[in-house]
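S.K.: Pasting the sequence and the predicted coordinates here, then a few questions.
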Amino acid sequence: MSNLASGHKIRPSVAIALAITTFTTSILTTACENPNPPSSGENNPTTEGSSSSGSGGSDGLKIGTLTPSTGDLSSIGQAFPDAVRLAVDQVNACGGVNGKPVSLVVEDDQTDPNAGAAGMTKLAEVDKVAGVVGSFASSVSTAALPIAVRNNVMMISPGSTSPVFTQQAKEFNGYWARTAPPDTYQARALAKLATEKGFKKVSTVVINNDYGVGFEKEFTAAFEKLGGTVINKDKPTRYDPKATTFDSEAASAFGGKPEAVAAVLYAETGSLLLKAAYQQGLAEGVTVMLTDGVYSSDFPGQVGKTGDGKYLLGGAIGTVPGANGKGLEAFTKLWKEKTNKEVTAYVPHSYDAAALLMLAAEAAKANTGEGIKSKIREVSAGGTEVTDLCQAMEMVRKGEDINYQGASGNVDIDENGDVIGDYDTWKVETDGKLDVTGKVSPEV
């Protein structure tokens with residue numbers, strides 16, 4: 001789940017307010033000068049043709065977002081609809097898709113599988129979208145995906161990284177892809193980082209869902225292959241995301257005197273678990289190793305501080321998928337210009353997911369999920385490399401084969417809907433700031 005360019009060190013920005021607010025006029029004045037501001041937010045989630053007037057029309061391409069504006073992953077997910085909207089506004093300002101403006105419908109999945117299923121049902125059966133950017137949490141995508149497949153809706157996640165989706169890819173009939181690599185790779189990257197730090201004995205604690213358990217299994221296998229020992233392998237520590245106290249889980253993960261603990265968490269609940277470990281005195285001398293689920297500037301503060309004002313989480317290290325696409329520099333400039341914000345985790349991945357949906361619909365000459373599905377791999381890894389979205393759209397309109405090079409990476413989608421990426425390493429400083437420290441390969 002990352003925001004980092006090769007050669008750049010971008011700090012995550014302060015989390016956006018819980019409700020998605022209306023975009024200012026500046027974000028709509030894209031490189032192509034789109035004059036129509038969108039209407040967005042919790043109370044008005046539908047944006048037609050990126051304007052409140054519904055200019056997209058019933059037969060234009062309609063896409064949706066299903067991402068967390070509230071809930072356990074909201075600190076990361078609140079920016080995702082803005083990234084999608086930026087891509088939509090760019091395309092609308094340079095001709096739209098198949099000659100008509102693209103409409104956008106925004107849904108909050110609340111980081112909850114039930115809400116995600118309800119949101120996807122609305123998007124597919126009421127709003128009649130052809131494609132959806134989402135979800136973010138793997139557990140929510142697991143709940144929403146069967147609904148998308150049943151309704152022939154193409155779903156591209158910017159950050160659902162569970163290996164389960166690779167394993168079950170055939171069941172999705174091609175209606176699933178993601179712009180972030182699966183945790184098969186990140187787990188190996190974290191294991192490699194642990195080895196590079198000299199750790200021999202570690203334990204794990206993970207959120208008990210597809211994301212956490214899948215990561216745990218891959219990490220354990222990779223770390224053992226590198227010669228390490230996972231001391232709670234036979235009785236892994238997994239926590240209920242709906243729990244409110246985590247003393248026993250903290251004792252289980254930290255109590256066996258590991259050198260480090262690989263903690264695969266969501267921010268709200270994970271912060272309580274780590275706080276419990278520190279309060280019980282179990283984390284002294286233990287390095288906490290984190291992943292993308294908590295890569296947010298807010299997270300160290302959620303865990304808390306010592307009596308003298310130092311952050312408890314200081315010294316923790318982690319990995320996060322790196323955004324290093326050929327289009328990242330231009331995207332970063334545009335994003336900052338239009339939003340006055342830093343590029344945060346998975347924002348480039350969200351933008352690229354929207355770009356692929358629109359390019360595939362144009363290539364198929366059909367504003368349908370079936371059409372998008374039929375061309376999604378072709379535009380992601382086909383012919384001439386192109387980074388600029390409007391240029392890519394124009395090439396597709398002329399019938400040229402393209403290989404879209406995204407902001408997040410090359411987004412070459414394979415037969416399972418997967419992409420492969422590199423990983424940035426990061427560290428929590430004693431003042432609570434997150435610093436990027438380098439890169440690590442997922443190869444084991």
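M.R.: Done, it's in. Numbering: from 1, shown residues only.

S.K.: Give the residue spans of the stretch 101-250 of the chain that score low on pLDDT.
M.R.: Along the stretch 101-250 of the chain, no part satisfies pLDDT under 70.

S.K.: Start from the N-terminal end of it and give the strands.
M.R.: 103-108, 131-134, 154-157, 176-178, 201-207, 229-230, 237-239 (DSSP state E, counting those that start in this stretch).

S.K.: Now do the longest one: everything it contacts.
M.R.: When contacts are defined by CB atoms under 8 Å, 6 or more residues apart in numbering, strand 201-207 is touched by residues 194, 212-213, 215-216, 219-220, 223, 228-232, 236-239, 241, 249-250, 252-254, 256-266, 269-270, 273, 289, 293. To be clear about C-beta, it is placed using only N, CA and C from the backbone, and glycine gets the same treatment.

S.K.: Tell me which entries of these lie within helices.
M.R.: 194, 212-213, 215-216, 219-220, 223, 249-250, 252-254, 269-270, 273 (DSSP state H).

S.K.: Could you measure from Asp412 over to Thr237?
M.R.: 36 Å (CB to CB, to the nearest Å).

S.K.: Oh, that last question was meant for Lys375, not what I typed.
M.R.: Applying CB to CB to Lys375 and Thr237 gives a distance of 44 Å.

S.K.: which residues sit in contact with the nearest residue in space to Gly318 that is not next to it in sequence?
M.R.: Using CB to CB, 6 or more residues apart in numbering and skipping residues adjacent in sequence, the residue nearest Gly318 is Leu290, 3.5 Å away. Residues near Leu290 by CB under 8 Å, 6+ apart: Ala263, Leu265, Ala316, Ile317, Gly318, Thr319.

S.K.: tell me how far the longest helix along the chain is from the chain's mean position?
M.R.: Counting residues, the longest helix found in the chain (DSSP H) is helix 347-364. Between the centre of helix 347-364 and the centre of its chain there are 15 Å (CA atoms, centre = their mean, to the nearest Å).

S.K.: Same question for stretch 174-185.
M.R.: 10 Å.

S.K.: do stretch 291-299 as well
M.R.: 12 Å.

S.K.: And stretch 318-329, by the same measure?
M.R.: 12 Å.

S.K.: Touching the next helix-or-strand element following the longest helix of the chain from outside, list them.
M.R.: Of the helices and strands lying after helix 347-364 in sequence (DSSP states H and E), the nearest is helix 369-381. Here helix 369-381 makes contact (CB under 8 Å, 6+ apart) with 130-131, 148, 151-154, 156, 173-175, 177, 356-357, 359-361, 363-366, 392, 396, 401-404, 410-415.

S.K.: let's see it at 7 Å
M.R.: Contacts of helix 369-381 with the rest of the structure, by CB atoms under 7 Å, 6 or more residues apart in numbering, involve 130-131, 152-154, 174-175, 177, 356-357, 359-361, 363-364, 396, 402-404, 411-413.

S.K.: for stretch 235-251, same thing?
M.R.: Residues contacting stretch 235-251 (CB under 7 Å, 6+ apart): 72, 204-209, 212-213, 216, 252-253, 266, 269, 272-273, 276-277, 280, 282.

S.K.: Buried subset of these, written for ChimeraX?
M.R.: The following ChimeraX line selects those of the contacts of stretch 235-251 that are buried, judged by 16 or more other CB atoms under 10 Å:
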select :72,204,205,206,207,208,209,212,213,216,252,253,266,269,272,273,276,277,282
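
S.K.: show me the residues around the most centrally placed residue in the chain that make contact.
M.R.: For the chain, the residue nearest the mean C-alpha position is Gly159 (2.7 Å; CA atoms, centre = their mean). Residues in contact with Gly159 (CB under 7 Å, 6+ apart) are Met1, Phe136, Ala180, Tyr346, His349.

S.K.: next one: Tyr346
M.R.: Contacts of Tyr346 by CB under 7 Å, 6+ apart are Met1, Ile76, Phe80, Pro158, Gly159, Ala180.

S.K.: if I look at it, how far off is Gly293?
M.R.: Distance from Tyr346 to Gly293, by CB to CB: 11 Å.

S.K.: Also Ser374?
M.R.: 33 Å.

S.K.: ditto for Lys333
M.R.: From Lys333 to Gly293 the distance is 28 Å (CB to CB).

S.K.: Looking at the two now, which is surrounded by more residues?
M.R.: Gly293 (30 against 12; other CB atoms under 10 Å).

S.K.: From what I see, the more buried one and Leu265 are in contact.
M.R.: Yes. In this structure, Gly293 is within contact of Leu265 by CB atoms under 7 Å, at 5.7 Å.

S.K.: quick one: common contacting residues for these two?
M.R.: Joint contacts of Gly293 and Leu265 (CB under 7 Å, 6+ apart) do not exist.
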